[in-house]
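**Student:** coordinates only, sequence not included:
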Ligand SMILES: N[C@@H](CCC(=O)N[C@@H](CS)C(=O)NCC(=O)O)C(=O)O
């Protein structure tokens, strides 16, 4: 049986959907967490693109979190059954990822004045815009993000949700019942439920 090792920082963020997919599939994995302050400089040079997450499977080193997530989703039956279904799932994941990129653009802005301006715009426009759109998509899909069923897109949103809330400086599901439903459904799913109960409490 394949043994997986996920290497990432001691946070949820981009690594968490991967941990959830591995847990959902009941795949045997080591959750290898790097201490950023102490150890990252020496690990970075050994990473294929100088970044994490990476997933090792029987000697194969995989990187790029979305590529890894799609690979695992295929493996555990959370991807589409045909190219059109794949498109629907990818589309939902890309919408969520666009939201993440907007938040990260403000969060990691180095200039303090520019950062404050970016956050003002985020709070006034970008965050409500994305959350309303995403909530409407989840409403159309009966509490899922695509195809009215549990897929990679639900796991991606749920795995990222605490990190997205942290960056948005607000609970992103608080006023959006359909988004809340996606998260509740996902964390009640066998495999993921057990993972969420035992995972380190680090966003
Ligand atoms: N597109 C990459 C981005 C990976 C990425 O941004 N990783 C960050 C952590 S979330 C990282 O390794 N930062 C440390 C660095 O770049 O030195 C992916 O999705 O895997």
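**Tutor:** Nice, I can see it. Fair warning: this is a prediction, and the values are worked out from it, not measured in the lab.

**Student:** contacts, neighbours, all on C-alpha from now
**Tutor:** OK.

**Student:** next up, the contacts around the nearest residue to residue 26 once chain neighbours are set aside.
**Tutor:** Closest residue to residue 26 apart from its sequence neighbours, by CA to CA, 6 or more residues apart in numbering: residue 191 at 6.4 Å. Neighbouring residues of residue 191 by CA atoms under 8 Å, 6 or more residues apart in numbering: 20, 23-26.

**Student:** give me the pLDDT for residue 191.
**Tutor:** Residue 191 carries a pLDDT score of 98 in this model.

**Student:** any idea how far it lies from residue 50?
**Tutor:** Plainly put, residue 191 is 31 Å away from residue 50 if you go by CA to CA, to the nearest Å.

**Student:** next, give phi and psi for residue 10.
**Tutor:** Main-chain dihedrals, residue 10, degrees, to the nearest 10: phi -80, psi 50.

**Student:** show me the contacts for it.
**Tutor:** Shown in contact with residue 10 (CA under 8 Å, 6+ apart): 33-35, 202.

**Student:** how about stretch 181-201: buried residues?
**Tutor:** Using 16 or more other CA atoms under 10 Å as the test for burial, stretch 181-201 gives 181-183, 185-187, 191-193, 195-196.

**Student:** and the ligand, which of those reach it?
**Tutor:** Filtering the buried residues of stretch 181-201 for proximity to the ligand by CA under 6 Å from any ligand atom leaves nothing.

**Student:** taking the contacts of residue 10 one by one, which sit in strands?
**Tutor:** Residues of the contacts of residue 10 located in strands (DSSP state E): 33-34.

**Student:** closest to the ligand out of the contacts of residue 10?
**Tutor:** residue 34 (10.5 Å; CA to the nearest ligand atom).

**Student:** quick check: phi and psi at the closest residue to the closest one other than its chain neighbours.
**Tutor:** Leaving aside its chain neighbours, residue 34 sits nearest to residue 9 (4.8 Å; criterion: CA to CA, 6+ apart). Main-chain torsions, residue 9, degrees, to the nearest 10: phi -80, psi 170.

**Student:** secondary structure class for the residue most central in space within the chain?
**Tutor:** Closest residue to the average C-alpha location of the chain: residue 160 at 3.5 Å, with CA atoms, centre = their mean. Here residue 160 is recorded as helix under DSSP: H, G, I helix; E, B strand; the rest coil.

**Student:** what sits closest to it if chain neighbours are left out?
**Tutor:** Using CA to CA, 6+ apart, the closest residue to residue 160 is residue 13 (5.4 Å).

**Student:** which of the three states applies to residue 109?
**Tutor:** coil.
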